[in-house]
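Q: okay, sequence plus prediction incoming.
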Amino acid sequence: MNKPNILLITSDQQHWNTIGAFNSEIETPNLDRLAQEGTSFKRAYCPSPVCTPSRSSIITGMYPSQHGAWTLGTKLLENRHTVGEDFHENGYRTALVGKAHFQPLRGTEEYPSLESYPILQDLDFWGSFHGPFYGFDRVELARNHTNEAHVGQHYASWLEERGCTNWRDYFLPPTGTMDPSVKHKWAIPEEYHYNNWIAERTNALLEQYREEEQPFFLWSSFFDPHPDYLVPEPWDTLYDPESLTIPSVVEGEHDHNPPHFKLTQEENPDFGYLQETSHSIHGYQSHLTPENERKQLVATYYGMISLMDKYIGKILEHLDKLGLYDNTIVVFTTDHGHFFGQHGLQHKGGFHYEDLIRLPFIVRYPGKVPADTQNDAIQSLVDLAPTFLSFCGIQPPNEMTGLDQSKVWMGIDSMARDHVLCEFHHEPTTIHQKTYVDVRYKLTLYYRQTYGEIFDLQEDPGELRNLWDDPDYSQLKTELLLKYAWAELGKESMPMPRIWHA
């Protein structure tokens, strides 16, 4: 096959510094190997710190404010152009195995959702449906994280095919909530874990495409290490909580931050001043967690990553076995980052620290992308679609506002972009923020608010000193606000080329 293949492997909500090659406290031998054989980009960012917007940006090459799936509970409309359509038109097979999350858990008559109840758990439907779905010829989907009640779709069918007829015993009843008494150790045997399902089904598709001699764009989309924190044995005891570095808040660091930062460090914070709707807001609650539980959370989180790494290894090994190593571009990344104590925060929310918006990001393409290399060139998930197309000799459509990073990946150019934008949009009121990040500085501003954030990532990499109100940096604020405005103007989509002067 002359055309290169694309294998995109993603985790879900993985902190950028949780790969063993760069963090000695965690074991990820297969991702370490990928890093040795490729280039690790140390400054990759998500376009949004929540799942649906960020994942929709991966397949559209557009920002959430452009493709329309701007937060959780929204839907990426089926009429949005996706990268799979471009691949399909150019002779590629396209597939997604694992988590999609382009649609909400509850649909309506006006906005139906294949990823919602009751169809979510209609196994007769999923037995015959495999696509097309957002440009993918074939999809094999699941919805749940660990033991959530939302288990169903193709994963549940696979469990039954594997003889796990009591699979419901490992998942909660259909209430949409998790049992708070079940912590850290998940009773499900590893052989029935969705990591095994994703690896097995990915490898089956690789075999099919190899036999048919068809180039492919294949997305293997893992669910971990997204909370809730659960992992089967023996992975639940792989790490000693007492031996790990556990981040924590630095006294006084939120004194000059917007008010919602400090409120997270109270027992019963009141966010009523925001006058939001009844919808819950990610991160807007108390983040106080007992120290012993914080330690165990990190140990379990690391165990989830190490287990996932095992099955990523099975995919990479099978790719090699099939003779697809040299002609396949492999990218590993995640949809957004994660807090496990940094700045006193847990999970995710409207806090655009590096921990949440920065990503692990590894690219391997033997003979084309430099091996065993670390690169500081800024990347964004919106760049994946146009870059993949460029590598495959396909012209990216005009509506994709992401940038072609192919020459940067190959080490020909030093950079394709000098900044990234990140959006967090809960409702079109107070919780509507955007962040501009360049080589040195980070600016975050909020809709109709006079507060904001400026961090000097060079001098203050821990982001402990907000310069927004510091009079010594007023000129810097003006310059960054202007650069942000330029960045917004520069990302305007131009789907229609100008063909005449009038």
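A: Structure received.
Q: would you mind measuring from residue 240 to residue 300?
A: Counting by CB to CB, to the nearest Å, the gap between residue 240 and residue 300 amounts to 12 Å. Every C-beta, even on glycine, is put in place using the N, C-alpha and C of the backbone.
Q: quick one: which of these two has more around it?
A: Under the neighbour definition other CB atoms under 10 Å, residue 240 and residue 300 were set side by side, and residue 300 has more, 27 against 9.
Q: in space, what's closest to that one - neighbours in sequence excluded?
A: The spatial neighbour of residue 300 that comes closest, neighbours along the chain excluded (CB to CB, 6 or more residues apart in numbering), is residue 229 at 4.1 Å.
Q: what's the local residue count around residue 426?
A: Counted with other CB under 10 Å, residues neighbouring residue 426 total 25.
Q: and the helix ranked longest in the chain, average pLDDT?
A: Criterion DSSP state H: the longest helix present in the chain is helix 291-321. Predicted confidence along helix 291-321 averages 97 (mean pLDDT).
Q: can you give me the buried ones in it?
A: Buried residues in helix 291-321, counted by 16 or more other CB atoms under 10 Å: 294-316, 318-319.
Q: now swap in stretch 453-463 and tell me
A: Of the residues in stretch 453-463, those with enough neighbours to count as buried (16+ other CB under 10 Å) are 453, 454, 455, 457, 463.
Q: from those, pick the one nearest residue 469.
A: Closest to residue 469 out of these is residue 454 (9.1 Å), distances taken as CB to CB.
Q: residues near residue 472, how many?
A: As a burial measure, the neighbour count of residue 472 was computed by other CB under 10 Å and equals 7.
Q: helix/strand/coil for it?
A: For residue 472, the secondary-structure state derived from DSSP: H, G, I helix; E, B strand; the rest coil is helix.
Q: correct me, but residue 257 touches residue 465?
A: No - here residue 257 lies out of contact with residue 465, judged by CB atoms under 8 Å, at a distance of 10.0 Å.
Q: who has more neighbours, the two?
A: Remark: of residue 257 and residue 465, residue 257 carries more neighbours, 19 against 14, as counted by other CB under 10 Å.
Q: below-threshold pLDDT in the stretch 201-350 of the chain: ranges please.
A: Judged by pLDDT under 70, the stretch 201-350 of the chain has its weakly predicted residues at 275-280.
Q: try 90
A: Confidence mapping of the stretch 201-350 of the chain against pLDDT under 90 gives the ranges 270-285, 349-350.
Q: can you name the residues in contact with stretch 22-31?
A: Taking CB atoms under 8 Å, 6 or more residues apart in numbering as the criterion, the residues outside stretch 22-31 that touch it are 17-21, 35, 40, 238-239, 243-245, 302, 305-306, 309-310, 312-313, 316, 332, 360, 362.
Q: the residue nearest to the spatial centre of the chain and residue 251, how far apart?
A: In the chain, the C-alpha nearest the mean C-alpha coordinate belongs to residue 335, at 0.6 Å (CA atoms, centre = their mean). Using CB to CB, one obtains 32 Å as the distance from residue 335 to residue 251.
Q: over to residue 148?
A: The span separating residue 148 from residue 251 equals 36 Å under the rule CB to CB.
Q: please say which of the two ends up with more neighbours.
A: Under the criterion of other CB under 10 Å, the comparison of residue 148 against residue 251 puts residue 148 first, with 18 against 8.
Q: so the more buried one is in which element?
A: Secondary-structure element containing residue 148, defined by DSSP states H and E: none, the residue being outside all helices and strands.
Q: wait, doesn't it sit right on residue 171?
A: Yes - the pair residue 148 and residue 171 passes the contact test of CB under 8 Å, sitting 6.9 Å apart.
Q: and the helices in this structure?
A: Using DSSP H, the helices of the chain run over 29-37, 51-60, 64-67, 83-89, 123-128, 153-161, 194-212, 259-263, 291-321, 354-357, 384-391, 406-409, 474-490.
Q: looking at those, which is closest to residue 284?
A: Nearest to residue 284 among the helices of the chain is helix 259-263 (6.3 Å), distances taken as CB to CB.
Q: and that closest one, which residues are buried?
A: Taking 16+ other CB under 10 Å as the neighbour-count basis, helix 259-263 is seen to contain the buried residues 260, 261, 263.
Q: what about that helix, distance to the chain center?
A: Distance, stretch centre to chain centre, for helix 259-263: 25 Å (CA atoms, centre = their mean, to the nearest Å).
Q: could I have the CA atoms of that helix written out in PDB?
A: What follows is helix 259-263 as a C-alpha-only set of coordinates in PDB (Å, rounded to 0.1, in the frame of the first residue of the first chain):
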ATOM      1  CA  PRO A 259     -13.500  34.000  42.700                       C
ATOM      2  CA  HIS A 260     -14.500  30.600  41.600                       C
ATOM      3  CA  PHE A 261     -11.000  29.300  42.100                       C
ATOM      4  CA  LYS A 262     -11.000  30.100  45.800                       C
ATOM      5  CA  LEU A 263     -14.500  28.800  46.300                       C
END
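Q: need the contact partners of that helix.
A: Surrounding helix 259-263, the residues in contact under the criterion CB under 8 Å, 6+ apart are 254, 255, 269, 270, 271, 273, 274, 284, 343, 350, 351, 451.
Q: among the buried residues of stretch 453-463, which are in strands?
A: Judged by DSSP state E, strands contain the following of the buried residues of stretch 453-463: 453, 454, 455.
Q: show the pLDDT at the second one.
A: It refers to residue 454. The confidence metric pLDDT takes the value 98 at residue 454.
Q: list the contacts of the closest residue to it other than its chain neighbours.
A: By the measure of CB to CB, 6+ apart, the closest residue to residue 454 outside its immediate chain neighbours is residue 467, 4.2 Å from it. The contact partners of residue 467, by CB under 8 Å, 6+ apart, come to 454, 455, 456, 473, 476, 477.
Q: distance to residue 488 for the residues you listed - can I get that in a markdown table?
A: A markdown table is the format used below for the contacts of residue 467 (distance: CB to CB, whole Å):
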| residue | distance to residue 488 |
| --- | --- |
| 454 | 17 |
| 455 | 20 |
| 456 | 22 |
| 473 | 22 |
| 476 | 19 |
| 477 | 17 |
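Q: so which of these is the closest to residue 106?
A: Scanning those for proximity to residue 106, where the rule is CB to CB, the winner is residue 455, at 37.2 Å.
Q: beta partners for the closest one?
A: Assessed by DSSP bridges, residue 455 has beta-bridge partners residue 442.
Q: can you pull the contacts of it?
A: For residue 455, the contact set (CB under 8 Å, 6+ apart) comprises 441, 442, 463, 465, 466, 467.
Q: now pLDDT too, for those, in a markdown table please.
A: Formatted as a markdown table, the contacts of residue 455 follow (pLDDT from 0 to 100):
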| residue | pLDDT |
| --- | --- |
| 441 | 98 |
| 442 | 98 |
| 463 | 98 |
| 465 | 98 |
| 466 | 98 |
| 467 | 98 |
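Q: ok, what's across the strand from residue 219?
A: Under DSSP bridges, the residues paired with residue 219 across the bridge are residue 8, residue 96.
Q: understood, closing this out.
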